[in-house]
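K.L.:
Show me how the following folds:
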Amino acid sequence: MSELGTEYAFRRFFDDHHTDLSRLAYLVTGDAQAADDLAADAFVEVWRHWERVQAADSPVAYARGIVTNLARQWIKKRTRERSGLLRLGLLRRDRGESDTPAVLDVRAALQRLPQRRRECVVLRYAFDVPEREVAAILGISVGAVKSHTSRGAAQLSEFLRGMPLMTGSGRNG
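P.N.:
Okay, here's the model as predicted:
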């Protein structure tokens with residue numbers, strides 16, 4: 001393929017998948033700004049390995065794998081940073097306040113799931129990715145995807161049931 005053809009194919013891939021990959025990063029990290037950065041970083045990696053991506057059985061699955069790996073690294077880094085700030089007493093945890101006290105927030109419940117379960121739940125339910133493709137994206141078996149998804153969905157349901165519904169009067173509904 002000519003250099004112009006290669007660039008055109010990549011631009012088309014970018015246009016077709018940028019929004020979904022950014023949304024995937026957001027649902028995994030819970031941070032909109034980080035999601036945009038992670039999606040951009042993922043496309044840099046996709047471009048660097050464009051021949052390999054195009055040759056993959058599912059180029060979008062390849063890109064989703066890059067996004068989830070970058071999101072996982074971002075979360076680990078952020079966790080280390082927060083732990084360090086907590087140890088130094090520079091950051092305080094306020095366990096009494098919810099991120100969104102007026103509404104039931106699925107994103108907050110998603111953030112409570114263990115990382116692998118969250119990835120499986122997001123890919124399966126938010127993106128309707130087949131189990132086999134989720135397994136390929138995350139580098140785990142289909143059985144592990146089924147297990148993580150099932151347990152993650154049950155845990156998410158439990159978290160959501162435990163969240164108070166806020167009404168105009170401020171009472172639990």
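
K.L.:
what's next to stretch 146-154, contact-wise?
P.N.:
113-114, 116-121, 124-125, 131, 134, 140 (CB atoms under 8 Å, 6 or more residues apart in numbering). Every C-beta, even on glycine, is put in place using the N, C-alpha and C of the backbone.

K.L.:
Buried among the residues you listed? Need that as a selection in PyMOL.
P.N.:
For the buried members of the contacts of stretch 146-154, the matching PyMOL selection, counting by 16 or more other CB atoms under 10 Å, is:
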select buried, resi 113+116+117+118+119+120+121+124+131+134+140
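
K.L.:
May I see the contacts of stretch 146-154 arranged in CSV, with secondary structure and pLDDT as well?
P.N.:
Shown next, in CSV, are the contacts of stretch 146-154 (DSSP: H, G, I helix; E, B strand; the rest coil; pLDDT from 0 to 100):
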residue, secondary structure, pLDDT
Leu113, coil, 93
Pro114, coil, 94
Arg116, helix, 95
Arg117, helix, 95
Arg118, helix, 93
Glu119, helix, 93
Cys120, helix, 94
Val121, helix, 90
Arg124, helix, 90
Tyr125, helix, 85
Glu131, helix, 94
Val134, helix, 94
Ile140, coil, 96
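
K.L.:
From the contacts of stretch 146-154, pick the one nearest Gly5.
P.N.:
Val134 (31.2 Å; CB to CB).

K.L.:
distance of the closest one from Phe14?
P.N.:
From Val134 across to Phe14, the span is 23 Å (CB to CB, to the nearest Å).

K.L.:
before we move on, what about Phe43?
P.N.:
Taking CB to CB, one finds Phe43 at 6 Å from Phe14.

K.L.:
Neighbour count for the two, which is higher?
P.N.:
Neighbours per residue (other CB atoms under 10 Å) separate Phe43 from Phe14, with Phe43 holding more: 20 against 15.

K.L.:
Could you pull up the residues touching the more buried one?
P.N.:
14, 18, 21, 63.

K.L.:
most neighbours, which of these?
P.N.:
Greatest neighbour count in the contacts of Phe43, by other CB under 10 Å, goes to Ala63: 26 neighbours.

K.L.:
That one against Arg52, yeah?
P.N.:
No: in this structure, Ala63 is not within contact of Arg52 by CB atoms under 8 Å, at 11.3 Å.
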